[in-house]
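# With the sequence up front, the predicted model follows.
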Amino acid sequence: MSARTLSRFATAAVAVSAFALAGCSSSSEGESSATPTGAATTEATATATASAEAGAALETVTDGVLTIATGEPAYEPWMIDDDPTSGEGFESAVAYAVAAELGYAPEDVEWVRTTFDAAIAPGAKDWDLNIQQFSVTEERKSAVDFSSPYYTTSQAVVAVEGGVAADAASIADLAGAAVGVAVGTTSYDVAVEALGEDNVQVFNSVADVVAAINAGQIDAFVTDLPGAFYSAAVEVEGGVIVGQFAGSEGGDEFAFVLPKDSPNTETVTEAVDALAADGTLAALETEWLSDAVDVPVLN
């Protein structure tokens, strides 16, 4: 990972920490610094009151605590060093920003781990929100609730430099290549649609896909574009990003998962929408995912 990337990570962590503290500071802290007057005072008071009311209004598995689940392991650039509690990484930063918008201080957020499949399966949950690149689909909506999307991505192809798939400039150029994908993901759906089911090898997880390409069992694999940057730079020896699939740029929306018919879905959605409207989500995307640009489209 480059020094530039690490610098962006640090910058985003500071930004999210500042956001959380701003949303949760007490009146005594505000009085110890420059005191706002007039309209500024009224606006700050209204914001603090709204946040507190939002937190009080949520029905959570533990009173006074917002329990957020993610995967194990959680990969970069979504979570840095597999540590969701740090606020470093795009999804960790987004989660804490949403928590602050809901009226929860960082110390009132509890993290737990789940598998991807268990999170979107029907049944009771021991968490309030789950964040691990869940794409919104009609099929999944039958089992769980979704918030508004916090990010829209595309699907990309990762290969090994010098390999048979490395210089592919079109989907046709991937004919004959062994392409891997994780089961039950949007990456699987996009790969099968573009390449055909017979040309796709399915694995249980992204970790298994990465292991397969490093072992020479497959020539390339499909994953979300931000994940492709991390895999190509860190996980795959000689990894390169071949390109992204046309038409996937605007269709893969990531959102928080909530238990089916959760009483909190509307409130969480409003929090995500507010962060989109005030530019917070865009700023976090720029800080953590700005490398995900200028990738050729495979037609």
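Perfect, thanks for sending it.

# can you tell me which residues contact residue 217?
178, 180, 201 (CB atoms under 8 Å, 6 or more residues apart in numbering). From N, CA and C alone the C-beta is placed, and that goes for glycine too.

# and if you look at residue 75?
So residue 75 contacts 82, 206, 227, 230 (CB under 8 Å, 6+ apart).

# about what we covered before: so which of the contacts of residue 217 sit within strands?
180, 201 (DSSP state E).

# Residue 117 and residue 182 touch, don't they?
No. With contact defined as CB atoms under 8 Å, residue 117 and residue 182 do not form a contacting pair (10.6 Å).

# More neighbours: the two, which one.
The residue with more neighbours, out of residue 117 and residue 182, is residue 182; 22 against 11, by other CB atoms under 10 Å.

# Please list only the buried members of the contacts of residue 75.
82, 206, 227, 230 (16 or more other CB atoms under 10 Å).

# Neighbours of residue 124, how many?
7.

# Excluding chain neighbours, what is closest to it?
residue 259 (7.1 Å; CB to CB, 6 or more residues apart in numbering).

# who's the one you found bridged to?
residue 144 (DSSP bridges).

# Report the contact partners of it.
Here residue 259 is in contact with 124-125, 144-145 (criterion: CB under 8 Å, 6+ apart).

# Can you tell me what sits against stretch 225-241?
1-2, 75-78, 90, 133, 153-162, 166, 206, 210, 213-214, 221, 223, 244, 289, 291-292, 295.

# What's the ChimeraX line that selects buried ones from those residues?
To isolate the buried ones among the contacts of stretch 225-241 in ChimeraX, judged by 16+ other CB under 10 Å, type:
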select :75,76,77,78,90,133,153,154,155,156,157,158,159,160,166,206,210,213,221,223,244,289,291,292,295
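
# Out of the contacts of stretch 225-241, name the ones that lie in strands.
153, 155-160, 221, 223, 244.

# Now render those as JSON lines, adding distance to residue 192 and pLDDT.
Formatted as JSON lines, the ones in strands among the contacts of stretch 225-241 follow (distance: CB to CB, whole Å; pLDDT from 0 to 100):
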{"residue": "153", "distance to residue 192": "18", "pLDDT": "84"}
{"residue": "155", "distance to residue 192": "11", "pLDDT": "91"}
{"residue": "156", "distance to residue 192": "16", "pLDDT": "94"}
{"residue": "157", "distance to residue 192": "14", "pLDDT": "97"}
{"residue": "158", "distance to residue 192": "17", "pLDDT": "98"}
{"residue": "159", "distance to residue 192": "18", "pLDDT": "98"}
{"residue": "160", "distance to residue 192": "22", "pLDDT": "98"}
{"residue": "221", "distance to residue 192": "13", "pLDDT": "98"}
{"residue": "223", "distance to residue 192": "14", "pLDDT": "93"}
{"residue": "244", "distance to residue 192": "16", "pLDDT": "91"}
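
# From these, pick the one nearest residue 186.
For the ones in strands among the contacts of stretch 225-241, the closest approach to residue 186 (CB to CB) belongs to residue 155, at 6.8 Å.

# beta partners for the closest one?
Counting by DSSP bridges, the residues bridging with residue 155 are residue 224.

# Run through the strands of the stretch 1-150 of the chain in chain order.
Along the stretch 1-150 of the chain, the stretches classed as strands by DSSP state E, counting those that start in this stretch are 66-70, 109-113, 129-130, 144-153.

# okay if I get these as CSV plus distance to residue 187?
CSV is the format used below for these (distance: least, CB to CB, whole Å):
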stretch, distance to residue 187
strand 66-70, 18
strand 109-113, 21
strand 129-130, 19
strand 144-153, 10
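
# how about those strands, which one is nearest residue 278?
strand 144-153 (13.3 Å).

# how far does that closest one sit from the chain's center?
In terms of CA atoms, centre = their mean, to the nearest Å, the centre of strand 144-153 is found 9 Å from the chain centre.

# pLDDT score assigned to residue 5?
On pLDDT, residue 5 comes in at 34.

# again with the one 3 residues further on
Note on residue 8: pLDDT of 37.

# Can you give me the pLDDT of residue 149?
pLDDT, residue 149: 97.
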